[in-house]
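In: show me the folded form of this:
(2 chains)
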Amino acid sequence: KAGVTQTPRYLIKTRGQQVTLSCSPISGHRSVSWYQQTPGQGLQFLFEYFSETQRNKGNFPGRFSGRQFSNSRSEMNVSTLELGDSALYLCASSLGGSESSYEQYFGPGTRLTVT
Amino acid sequence: GEDVEQSLFLSVREGDSSVINCTYTDSSSTYLYWYKQEPGAGLQLLTYIFSNMDMKQDQRLTVLLNKKDKHLSLRIADTQTGDSAIYFCAERKKGGYNKLIFGAGTRLAVHP
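Out: Numbering: from 1, shown residues only, chains lettered A, B, ... in the order given. Next up, the predicted model:
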C-alpha cells in the first residue's frame, strides 16, 4: 500500500503571497490531520478533516485554512504569508471514524520557506 | 495544560540499551505514541500504547507507562547507528479525535 504523499516537497514563497499544499492519505483512510513543525515551536496541530468536514482545529490564525475532497485528499492554504510561516508542514493519515482509529501515519512533509 | 515534556538529548554506545523518557499532563489521554524522525524526513510511527496498559513490547522496543506519575518511556534494546534520530512522544486525549500533542523531541546519538 502506498504511504501518505505530500506535494510539493519544497516551496519558496514571498511574504504576502498565498500557498496551497496537498496531501493524499493512505488508500482507505478518511481522516487527514495537518501539523506545522518549526525549530522554535516544535510540532503543532493545525486541523483535522474527516469525511470532508473539519472536526478539530488548533490555535492558528484564520490565514490557515484547509479542505478535504470526496476522495479524502486534503489541501491546506496559507494566505498573506509571513516570515514566521516558514516551516515543515506535515500531514497525517488515519482510518478515522471513531476514537478507536488510533494509528496515524505521516507523510514526508512540505518544506515551506517564506522570504 | 497541554505540555508533553522530554529530555532533549541522549547519547549511547552502539549495542547498549537506550531509554527515552517523557511526561505528560493530562490523565484523560487515551493513547500515547512514539514517533521517530530522521533528518529531512517525516515522522515514522514506532509504537503506541493504550492508556490502560502498563507495558508493550515490539521487537527491540519496549514501552512502559506509569499512569499514576504520567510517565512514559521507550527502551530500545541493542541500539544501532541507524537508530540515531529524533524521537517524539505524543499524547492523544479523549474527545480530541486524532489531534496529537507532541513533546519537543529527544535527539538520540549512537556512537561506536
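In: and chain B, which of its residues are near chain A?
Out: B:30-31, B:33, B:35, B:41-45, B:48, B:50, B:88, B:90, B:92, B:94-105 (C-beta under 8 Å from any C-beta of the partner chain). In short, each C-beta sits where N, CA and C put it, glycine included.
In: tell me which helix or strand of chain A sits lowest on mean pLDDT?
Out: strand A:53-57 (a mean of 93; mean pLDDT, DSSP states H and E).
In: other SSEs contacting that one?
Out: Using 3 or more C-beta pairs under 8 Å, 6 or more residues apart in numbering or on different chains; DSSP states H and E as the contact criterion, the elements in contact with strand A:53-57 are strand A:42-50, strand A:64-68.
In: quick one, which of these is packed in tightest?
Out: Ranked by mean neighbour count under mean count of other C-beta atoms under 10 Å in any protein chain shown, the helices and strands packed on strand A:53-57 are led by strand A:42-50, which reaches a mean of 22.
In: and that strand, how far from the chain's centre?
Out: 7 Å (C-alpha atoms, centre = their mean, to the nearest Å).
In: got it, and stretch A:86-103?
Out: For stretch A:86-103, the distance to the chain centre is 9 Å (C-alpha atoms, centre = their mean).
In: in that stretch, what's buried?
Out: The neighbour-count check on stretch A:86-103 (16 or more other C-beta atoms under 10 Å in any protein chain shown) flags A:Ser86, A:Ala87, A:Leu88, A:Tyr89, A:Leu90, A:Cys91, A:Ala92, A:Ser93, A:Ser94, A:Leu95, A:Gly96, A:Ser101 as buried.
In: what of stretch B:39-55?
Out: Buried, per 16+ other C-beta under 10 Å, within stretch B:39-55: B:Gly42, B:Leu43, B:Leu46, B:Thr47, B:Tyr48, B:Ile49.
In: got it, and stretch B:98-107?
Out: Buried, per 16+ other C-beta under 10 Å, within stretch B:98-107: B:Asn98, B:Lys99, B:Leu100, B:Ile101, B:Phe102, B:Gly103, B:Ala104, B:Gly105, B:Thr106, B:Arg107.
In: same question, stretch A:71-88
Out: A:Ser72, A:Ser74, A:Glu75, A:Met76, A:Val78, A:Leu81, A:Asp85, A:Ser86, A:Ala87, A:Leu88.
In: quick check: mean pLDDT across that stretch?
Out: Mean pLDDT, stretch A:71-88: 97.
In: start to end distance for it?
Out: 24 Å (C-alpha to C-alpha, to the nearest Å).
In: ok now that stretch, how far from the chain's centre?
Out: 7 Å.
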